[in-house]
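Visitor: the following comprises the amino acid sequence and a computationally predicted model.
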Amino acid sequence: MSDPEEGPRFRTSREAYDWIRRDPAFDPAELVVLYYDHEENLAEVGLVAFDPEGEIPWQRVRALGWKGQLVWNRDARVDRLAEIRDTDR
């Protein structure tokens, strides 16, 4: 269980992906998945082309981008999905 003083639990990459896929306010064509490839280079794939059961393991997913901004970032612990859904339309 998380410590209430730490704030809400940080959403995993899979949870962030599922959130976006279920939220009709997000157009999947406008989103990208940033991940580390096998040589540890940061790579990008469109959300539409990303296969959640495919060759890219979830632990390599580092961020999700939407309209040129990072809306979920594992390394920086940024999760703006709910905020953007409510304000940035």
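Guide: Arrived safely, thanks for sending.
Visitor: low pLDDT regions in this protein?
Guide: Within the chain, the set of residues satisfying pLDDT under 70 comprises 1-7, 85-89.
Visitor: count of neighbours near residue 8?
Guide: 8 (other CB atoms under 10 Å). C-beta: built from backbone N, CA, C; applies to glycine.
Visitor: who are the contact partners of residue 58?
Guide: 12, 13, 14 (CB atoms under 8 Å, 6 or more residues apart in numbering).
Visitor: residue 19 is in what secondary structure piece?
Guide: helix 13-22 (DSSP states H and E).
Visitor: contacts for that helix, please.
Guide: Here helix 13-22 has contacts from 11, 26, 28, 31, 33, 47, 50, 52, 58-59, 61, 64, 72, 74, 79, 81, using CB under 8 Å, 6+ apart.
Visitor: who wins for neighbours among those residues?
Guide: Neighbour-wise, those (other CB under 10 Å) top out at residue 72, 29 neighbours.
Visitor: so what does whichever strand or helix holds that residue touch, helix or strand wise?
Guide: Assigning secondary structure by DSSP H and E places residue 72 in strand 69-73. Counting contacts by 3 or more CB pairs under 8 Å, 6 or more residues apart in numbering; DSSP states H and E, strand 69-73 packs against strand 61-66, strand 78-79, helix 81-87.
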